[in-house]
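# Let me see the structure of the following:
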Amino acid sequence: MKQITANIGNKVSASPFDAKCARAGGAGKSHWLKHVAAAGAALLLATAFVWGQAAVRRSSPKPDLGSPEATVVSFTKAVARGETNLAQACFLPGGVDYDDMRQILASKPGSPHFEIKQMFESLNLNVPMPIVVKTNSEHGTKVVWRVTFKKEFKPHKGPVFKPGSTYDFDATLKPSGKLWLIDNF
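Okay, here's the model as predicted:
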């Protein structure tokens, strides 16, 4: 391949492209490469941002509130994972336990509600949470569901829950539009 050279002032250029860059005040290939590198870095950052946003959306799904059963399972998973906003979204605003659950979810070590929060964090989310009982009344729909412990939980009072042991939670839910929300836990 024949190399083309051009004289621009006192600079010698190796190609017509270099000559064009030199006339434009750049330094030939190195000037062009700096711009390409900057554009590539910007594209890489933009791609990482988009993928990062997608990952955030995937890791913070909306709770399934389409049925009483789905709501209690969504709530249990959210609170066990420490996703307080998702867990709170499962409760009926102004309901019987709405404010109490807010306090439990925000509790820190030493607070009176922290033990309940620790109980949720001890649950095994990799096993099914069967619905044990579902009854309807004028107060709402009562659901009892069984959870399994992943790690030992020692409450201040009461029995110690070993890994694999189970416990039955219960809640009363009320419809709110097309959603089912926990009123009383």
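# Can you pull the domain assignment for the chain?
6-59, 68-184 (automatic domain parsing).
# what does the average pLDDT come to for the first one?
Across domain 6-59, the average pLDDT comes to 48.
# packing partners for the longest strand seen in the chain?
Identified as the longest strand of the chain according to DSSP state E is strand 166-176. Secondary-structure packing of strand 166-176 (3 or more CB pairs under 8 Å, 6 or more residues apart in numbering; DSSP states H and E): helix 68-81, strand 140-148, strand 179-184. Yep, even glycine has a C-beta here, placed from its N, CA and C like the rest.
# how about the longest one: buried residues?
It refers to helix 68-81. Within helix 68-81, the residues scored as buried using 16 or more other CB atoms under 10 Å are 68, 69, 71, 72, 73, 74, 75, 76, 77, 78, 79, 80.
# Hmm, the third one is touching residue 181, no?
This points to residue 71. Yes - counting by CB atoms under 8 Å, residue 181 is a contact partner of residue 71 at 6.7 Å.
# which residues do these two both contact?
Counting by CB atoms under 8 Å, 6 or more residues apart in numbering, the shared contacts of residue 71 and residue 181 are 65, 90, 173.
# Closest to residue 103 out of those residues?
Nearest to residue 103 out of the shared contacts of residue 71 and residue 181 is residue 90 (CB to CB; 15.6 Å).
# And the closest one, what's its pLDDT?
Residue 90 is given a pLDDT of 96.
# quick one: contacts for the closest residue to it other than its chain neighbours?
Once flanking residues are discounted, residue 90 sits nearest to residue 75: 3.8 Å by CB to CB, 6 or more residues apart in numbering. The neighbours of residue 75, taking CB under 8 Å, 6+ apart as the test, are 63, 87, 90, 91, 171, 182.
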